[in-house]
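*Asks:* Starting from these lines, generate the structure:
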Amino acid sequence: MLEAFKDYLHLYWEMMAAATPNTDPSAMARIAQAQRDYDQYSAERDPASGLFSSYFGHEWTEKFLYGFLFEDAAPLAVGAAK
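*Replies:* The predicted structure follows:
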């Protein structure tokens, strides 16, 4: 098992040595948007938010979710007027 791990690390180091940065602005924009989308999706569906709210309160949970765990997400409006 140790040999397999060493082989994996060696291949990883080879790949990192051969990698070149992607500086294409459109690719960078797509990556940034994908990260924002992931953060939004995850923040809205985080299964621990209810537990956090029960232990620490709604305000703390919102700050933790949107200010730390998923900082690229925007909180959804709660109780918005119809």
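
*Asks:* list the contacts for the residue nearest in space to the middle of the chain?
*Replies:* Centroid-nearest residue in the chain: D39, 5.1 Å away (criterion: CA atoms, centre = their mean). By CB atoms under 8 Å, 6 or more residues apart in numbering, the residues touching D39 are 70-73. Every residue, glycine included, has its C-beta placed from N, CA and C.

*Asks:* secondary structure element for it?
*Replies:* helix 25-45 (DSSP states H and E).

*Asks:* What mean pLDDT does that helix get?
*Replies:* For helix 25-45, mean pLDDT is 96.

*Asks:* For it, output the C-alpha coordinates as PDB.
*Replies:* The C-alpha trace of helix 25-45 is given here as PDB (Å, rounded to 0.1, in the frame of the first residue of the first chain):
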ATOM      1  CA  PRO A  25      -9.600  35.800 -19.200                       C
ATOM      2  CA  SER A  26     -12.800  34.000 -20.400                       C
ATOM      3  CA  ALA A  27     -11.700  30.800 -18.600                       C
ATOM      4  CA  MET A  28     -11.000  32.700 -15.500                       C
ATOM      5  CA  ALA A  29     -14.400  34.400 -15.600                       C
ATOM      6  CA  ARG A  30     -16.100  31.000 -16.100                       C
ATOM      7  CA  ILE A  31     -14.100  29.500 -13.100                       C
ATOM      8  CA  ALA A  32     -15.000  32.500 -10.900                       C
ATOM      9  CA  GLN A  33     -18.700  32.200 -11.900                       C
ATOM     10  CA  ALA A  34     -18.700  28.400 -11.200                       C
ATOM     11  CA  GLN A  35     -17.300  29.100  -7.700                       C
ATOM     12  CA  ARG A  36     -20.000  31.700  -7.000                       C
ATOM     13  CA  ASP A  37     -22.700  29.200  -8.300                       C
ATOM     14  CA  TYR A  38     -21.200  26.400  -6.100                       C
ATOM     15  CA  ASP A  39     -21.200  28.700  -3.000                       C
ATOM     16  CA  GLN A  40     -24.700  29.800  -3.600                       C
ATOM     17  CA  TYR A  41     -26.000  26.300  -4.100                       C
ATOM     18  CA  SER A  42     -24.100  25.000  -1.100                       C
ATOM     19  CA  ALA A  43     -25.200  27.800   1.200                       C
ATOM     20  CA  GLU A  44     -28.800  27.400   0.400                       C
ATOM     21  CA  ARG A  45     -28.700  23.600   1.000                       C
END
